[in-house]
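Participant: Quick check, what structure comes out for this input:
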Amino acid sequence: MAEQAEGKVQGSTLRRITGGAGYNARIEGFWATFSTLGPKMGFFERRRERGRLDRIVKSVNRQIIRQKSDPEGWDAQEGACVCNLRVAKMGLIRELKTWLAAGRETAPGEWPHLHALRDRPCMLVPVTFPGPLSVDPGGGEEPIPVASAVRVRAELGEIDDLFRIGETFALKKMVDYLDATERDIALYESRLGTSEGFWAKFSYVLLKKLVDVSVEKKLPILFA
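Facilitator: Numbering: from 1, shown residues only. Have a look, this model is predicted:
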């Protein structure tokens, strides 16, 4: 992964913790990062961050209940980071969505939870609800999309039925902690980047790994 840019490191649950990573997703208890960083914050900073995260949780849970679904206490699940995928390439989620749109005509609203995701801060929670959500974190920040990891996994299954990505594309040594550096990206580009849809399929594999672990461990996915 690229070196941290001086003055660019931000410490919070939904902000990038390490600078220079184009794709930074981790699976952990929602409060894990705050529990680690909170003691290092000043009193007022800690109180503001705690209040911000609490508002996000309450907004997500209210909207899930409004959709006649059960939040299942996703935010109460404890656990340190069990999966962290970081790739020094921007726009991987956009690559996947663009490739899917070019590959076939999709019906309006098809794969809504997948299309709610983005390459900026967003969340997936390991419970089922019909439609993606949007939460206001406050502090003048833009709304954060929230999708169901269960639904994204199902949508990726439908996509694989159509495009057979699992049969035709595989990344060796896909582990829970992956750092694809700028040098790695250059090697991928030179060896495989000319393959049709390479980066879209690369993105698919990353997302599939994330949602599988999220659903299995009952922990949210946090994109920073």
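
Participant: got the buried residues for stretch 72-92?
Facilitator: 74-75, 77, 81-89, 92 (16 or more other Cβ atoms under 10 Å). In this view, the C-beta of every residue, glycine as well, is placed from N, C-alpha and C.

Participant: If you could redo that for stretch 126-133, that was the one I meant.
Facilitator: Here stretch 126-133 shows 126-129, 132-133 as buried, counting by 16+ other Cβ under 10 Å.

Participant: so of those residues, which ones are in strands?
Facilitator: residue 133 (DSSP state E).

Participant: Relative to residue 161, which of the buried residues of stretch 126-133 is nearest.
Facilitator: residue 128 (19.8 Å; Cβ to Cβ).

Participant: Quick check: that closest one touching residue 150?
Facilitator: Yes. Using Cβ atoms under 8 Å, residue 128 is in contact with residue 150, at 4.6 Å.

Participant: Mind picking out the helix or strand in the chain with the poorest mean pLDDT?
Facilitator: Least confident helix or strand of the chain, by mean pLDDT, DSSP states H and E, is helix 182-191 with a mean of 81.

Participant: Between helix 182-191 and whatever helix or strand comes next after it, find me the angle.
Facilitator: Downstream of helix 182-191, the next assigned helix or strand under DSSP states H and E is helix 198-217. Using axes from the mean of the first three to the mean of the last three Cα atoms, to 10 degrees, the inter-axis angle of helix 198-217 relative to helix 182-191 is 130 degrees.

Participant: Which residue ranges of the chain form strands?
Facilitator: 23-27, 83-87, 122-125, 133-135, 144-148, 177-180, 221-223.

Participant: Show me what the first one pairs with in its sheet, parallel or antiparallel.
Facilitator: What it means is strand 23-27. Using DSSP bridges, strand 23-27 pairs in its sheet with strand 83-87 (antiparallel), strand 221-223 (antiparallel).

Participant: circling back to that earlier point, same question for the least confident helix or strand of the chain: list its buried residues.
Facilitator: Within helix 182-191, the residues that qualify as buried are 185, 188, counting by 16+ other Cβ under 10 Å.

Participant: So what touches that helix?
Facilitator: Helix 182-191 has contacts (Cβ atoms under 8 Å, 6 or more residues apart in numbering) with 2, 87-89, 180, 198, 202.
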